[in-house]
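1. make a model of this:
(one chain, ligands or ions: 3)
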Amino acid sequence: MSEQSPVPSVHPATPAMESLKRVRTRHFQSAKEAGEPFTGLTSYDMLTAQIFDEAGIDFLLVGDSAGNNVLGYDTTLPVTVDDLIPLTRAVAKAVKRAFVVADMPFGSYETGPQEALHTAVRFMKETGAHAVKLEGGRRSAKQIRRIVGAGIPVMAHIGFTPQSEHGLGGHIVQGRGESAEQILADAHAVQEAGAFAVVMEMVPADVAQRVTQELRIPTIGVGAGPHVDGQLLVWTDWAGFTTGRIPRFVKQYADLKGALSEAARTYKAEVQSGVFPAPEHSF
Ligand SMILES: Nc1nc(=O)c2c([nH]1)NC[C@@H]1CN(c3ccc(C(=O)N[C@@H](CCC(=O)O)C(=O)O)cc3)CN21
Ligand SMILES: CC(C)C(=O)C(=O)O
Ligand SMILES: [Mg+2]
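-> Ligands and ions are numbered 1, 2, ... in the order given. Predicted coordinates for the structure are as follows:
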C-alpha cells in the first residue's frame, strides 16, 4: 500500500465539553449553564458506539429499546439485565470520550431501593458504564436516592415511560393541559432525589421549557421540543430503520435501511450473475 487510508478525526463534543477527554456528569451541568445544547443517541453495540463517539455525540444510552431494535421484541417489557449487560459492556469498551448510560430494564428496580441499588451496582461492576437510567418520577424517587447515595450517577426519565406503556394506554404525549403539573412534580422529585439529569419523553414543548427553567439539573428531550438542555434519539429511528408508525418527534438523518437493502440486493444479483467474486477478490 502506497498511501495510508485517512484516520477519521475525533470531533469535539459541544463546546462546554470540548476540552475534556471524557464527558462527566459535571459537564452536562456546565453545558446547561453555558446554554450549549448537548446530544445523545442510543447505541447497542461496538460499531455504532465508535462512530458516534468519534463524531462527538456527548452521551450514549444503551437503552432497553434494544428490545425492539436488537432482540426482536414488540416492547421493552421482556428485556432483562442479563440481556443488556453484554451490550452495555461493548458500548462502554468502544468509547474514548462519550458518557455511557446503562438503562435499567423493567423488573429490575420497581420493588424498592434495595433491588434498584443491586441492579445499578451490577451495571457499574460488569459493564464500565458511567451512570444508570431508570423510569419514573415521584414513584422512583426512593430508588434514585439510594443509588445516588452509593456514588452512582442517575439519569431520570419522566413523561412517557415506555416500560409503563400499557398503564399509560399507549404511546401518548404526557403532560397536556392540567397534567402538566404532574410532570413538574415528577421533575422536582427526581432532582431532589439526586438525579444529575432528567430525560423527558413525549411532553409538550411549553411544559418541557417550564421544567428546564425551573430545574437546576439539565433536561434531555425525546419528543419534548427545543427548549431543553439536550436532545436524545433512538439511533435506529434517527438512521432510518423505522418503518410503519414513525413517531412525529423523530427526524431521519440517514436512510441506512435503504442503503443496506440495496447493498444486499446488489450482492445477491452479482453472485448470481458471476460478477462477484472477480479476479481481484480471488487467490
Ligand atoms: N424515544 C422513543 N420511545 C419509544 O417508545 C419509541 C421510539 N422512540 N421509537 C420507536 C418506537 C415507536 N414508538 C412510537 C411512539 C410514538 C408514536 C406516535 O406516533 N405518537 C404520536 C403521539 C400521539 C399523541 O398525540 O399523544 C405522534 O404523533 O408522535 C409512534 C411510535 C415507540 N417507540
Ligand atoms: C428513548 C430512551 C429515553 C430510552 O429509554 C431507550 O432508548 O430505551
Ligand atoms: Mg429505555
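
2. C-alpha only now, for contacts and for neighbours.
-> OK.

3. how far away is the closest residue to ligand 2 within the stretch 51-200 of the chain from P78?
-> Ranked by CA to the nearest ligand atom, the top residue of the stretch 51-200 of the chain for proximity to ligand 2 is G63, at 3.3 Å. According to CA to CA, to the nearest Å, G63 stands 13 Å off from P78.

4. who has more neighbours out of these two?
-> Set side by side, G63 and P78 show more neighbours around G63, with 23 against 16, by other CA atoms under 10 Å.

5. so for the longest helix seen in the chain, what gets flagged as buried?
-> Secondary structure assigned by DSSP state H gives helix 256-273 as the longest helix of the chain. Within helix 256-273, no residue is scored as buried using 16 or more other CA atoms under 10 Å.

6. distance from the chain centre to it, please.
-> 30 Å (CA atoms, centre = their mean, to the nearest Å).

7. sorry, back to before: burial measure for the closest residue to the residue of the stretch 51-200 of the chain closest to ligand 2 other than its chain neighbours, as a count.
-> On the basis of CA to CA, 6 or more residues apart in numbering, the spatially nearest residue to G63 that is not a chain neighbour turns out to be D103, at 5.0 Å. Using other CA under 10 Å, the number of residues around D103 comes to 29.

8. phi, psi of D103?
-> The phi/psi pair for D103 (degrees, to the nearest 10) reads phi -90, psi 120.

9. isn't it up against L134?
-> Yes. With contacts counted by CA atoms under 8 Å, D103 reaches L134, the gap being 6.2 Å.

10. list the contacts of stretch 160-180.
-> Taking CA atoms under 8 Å, 6 or more residues apart in numbering as the criterion, the residues outside stretch 160-180 that touch it are 75-77, 105-106, 135-136, 159, 181-183, 200-204, 207.

11. run the last query once more with 7 Å
-> The set of residues that contact stretch 160-180 without belonging to it, under CA atoms under 7 Å, 6 or more residues apart in numbering, is 76-77, 106, 135, 159, 182-183, 201-204, 207.
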